[in-house]
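A.B. asks: Dropping a prediction and its sequence here:
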Amino acid sequence: MKITLIGTGCGTAETLTEQARVAIYESQLVIGARRLLNSLRTEELSGTCRLAEAVYAKEIIGLIRAAECDRVCVLLSGDSGFYSGARLLLPALADYETRVLPGISSLQAFAARLGQAWQDWTLCSAHGVECDAVAAVCGEKPAFFLTGGRMGPAELCRQLTKAGLAGLPVAVGENLMCPDERITRGTASELAKGSFAPLSVMLAEAAPRFAQRTPGLPDELFQRSERIPMTKQEVRAAALAKLAVRPDDICWDIGAGTGSVSVELALQAKQVWAVERNAAALALAERNRVQFGAWNLCLKEGSAPDALKDLPTPDAVFVGGSGGKMEGILRAVHHANPKARICVAAIALESLSAACTALEELGYEIDVTQIAVSRSRSAAGLHLMTAQNPVWLIAGIQR
């Protein structure tokens, strides 16, 4: 049996390639979703061809195995290599003679309509799956979204608006390459109020944000207050090195203070949740969030460990302040994800002892580093060194 997987493009007869038309005409069985089967013209089917409706890979494979014919075509929406069912079908059809014919994806069609090149876009799928639009636009490139189900363009734009990106330019393409095609341009806040067709795609421009080159931003770049503690540049850089944050990580910053560590984490990670019990500190952290364009930083007022209960599972956690609840905080982190990378900053011996004891009891290997920094200052034409308070970084490593 010869099987051909066909990308049908945007689902209209006009978007089928000539090679696909020939394959369909020569087939004895054509399998696909109802919308794709209905798009076929009578002249594209031979008199002996049978149509079978199926969407899921298991259904399609079952029909193929039960078929008593030599040539089968499976219709797939869009392009066979872009969020397509072909990815699941090909391994299951390894025992058959199989070929793939690509189609025109909605990505290609939308880029053509906008008159833009798409090779530098970030490509995301929100089609029937959860999608973090804010994290996507924080990647320094325009973000393209396949949408569908609950995550339509309006919902994605509401995410952007809630994060402070109400004015971000957005474009939506509906029913591309169909008679009722529509292209809508506006801001995230404008399109958040709109209503769009189920077959829609969206492009959001890259969010404006600080271009960080290395961890450890200069202290003077942050908005500060004498009453609110801030983790200093050298300690921040070392803490981020201990946490080894990756682009897809979700991070927690507990006892965020001015938000200096939160901001630096947000410039490297997918999403950051900063917990702070001091309302004045939280307001200062929000100003720093906006100043650096750390739109993927979420601030939560409350005291840990209670405030940690509903946060998403962390990959890396920084503890900058514990409020005397070190053991409870570290137990909450361990409960959320035993494999999360942990770094605690302590300036008091009691905090150092509490962190080491709690981490060891939870089964972590600990690594303690003391950082003692001295900075130069001018005095009577001379440069003198002034010592800063020593800080201990306690890293918890789960083997």
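C.D. replies: Cool, the structure landed.

A.B. asks: elements contacting whichever strand or helix holds residue 355?
C.D. replies: Applying DSSP states H and E as the criterion places residue 355 in helix 349-361. Contact partners of helix 349-361 among helices and strands, from 3 or more Cβ pairs under 8 Å, 6 or more residues apart in numbering; DSSP states H and E: helix 326-336, strand 341-346, strand 365-371, strand 391-397. The C-beta positions use only the backbone N, C-alpha and C, and glycine is treated the same way.

A.B. asks: Relative to the whole chain's centre, how far out is the first one?
C.D. replies: Using Cα atoms, centre = their mean, to the nearest Å, we find the averaged C-alpha position of helix 326-336 to lie 25 Å away from the chain's own average C-alpha position.

A.B. asks: Can you point out the buried residues in it?
C.D. replies: 326-330, 332-334, 336 (16 or more other Cβ atoms under 10 Å).

A.B. asks: same deal with the last one?
C.D. replies: By neighbour count, and taking 16+ other Cβ under 10 Å as the criterion, the buried residues in strand 391-397 are 391-396.

A.B. asks: Any chance of these in a markdown table with distance to residue 33 and pLDDT as columns?
C.D. replies: Below are the buried residues of strand 391-397 laid out as a markdown table (distance: Cβ to Cβ, whole Å; pLDDT from 0 to 100):
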| residue | distance to residue 33 | pLDDT |
| --- | --- | --- |
| 391 | 59 | 95 |
| 392 | 60 | 97 |
| 393 | 55 | 97 |
| 394 | 55 | 97 |
| 395 | 51 | 96 |
| 396 | 49 | 93 |
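
A.B. asks: helix or strand for the nearest residue to residue 375 once chain neighbours are set aside, which one?
C.D. replies: The shortest distance from residue 375 to any residue other than its chain neighbours is 5.8 Å, reached at residue 386 (Cβ to Cβ, 6 or more residues apart in numbering). Assigned by DSSP H and E, residue 386 falls within strand 382-387.

A.B. asks: how about the residue nearest to residue 375, what does it touch?
C.D. replies: Counting by Cβ atoms under 8 Å, 6 or more residues apart in numbering, residue 386 touches 374-377.

A.B. asks: which one of the residues you listed has the most neighbours?
C.D. replies: When the contacts of residue 386 are compared by neighbour count (other Cβ atoms under 10 Å), residue 375 ends up highest, at 13 neighbours.

A.B. asks: and stretch 224-241, how far apart are its ends?
C.D. replies: End-to-end distance for stretch 224-241: 24 Å, by Cα to Cα, to the nearest Å.

A.B. asks: Just the buried residues of that stretch, please?
C.D. replies: Buried-residue list, stretch 224-241, by 16+ other Cβ under 10 Å: 224, 228-240.

A.B. asks: What residues sit buried inside stretch 345-359?
C.D. replies: For stretch 345-359, the neighbour count (16+ other Cβ under 10 Å) marks 345-346, 351-352, 354-356, 358-359 as buried.

A.B. asks: how close does the closest residue to residue 367 other than its chain neighbours sit to residue 14?
C.D. replies: Nearest non-adjacent residue to residue 367, counting by Cβ to Cβ, 6+ apart: residue 395, 4.4 Å away. Distance, residue 395 to residue 14, using Cβ to Cβ, to the nearest Å: 59 Å.
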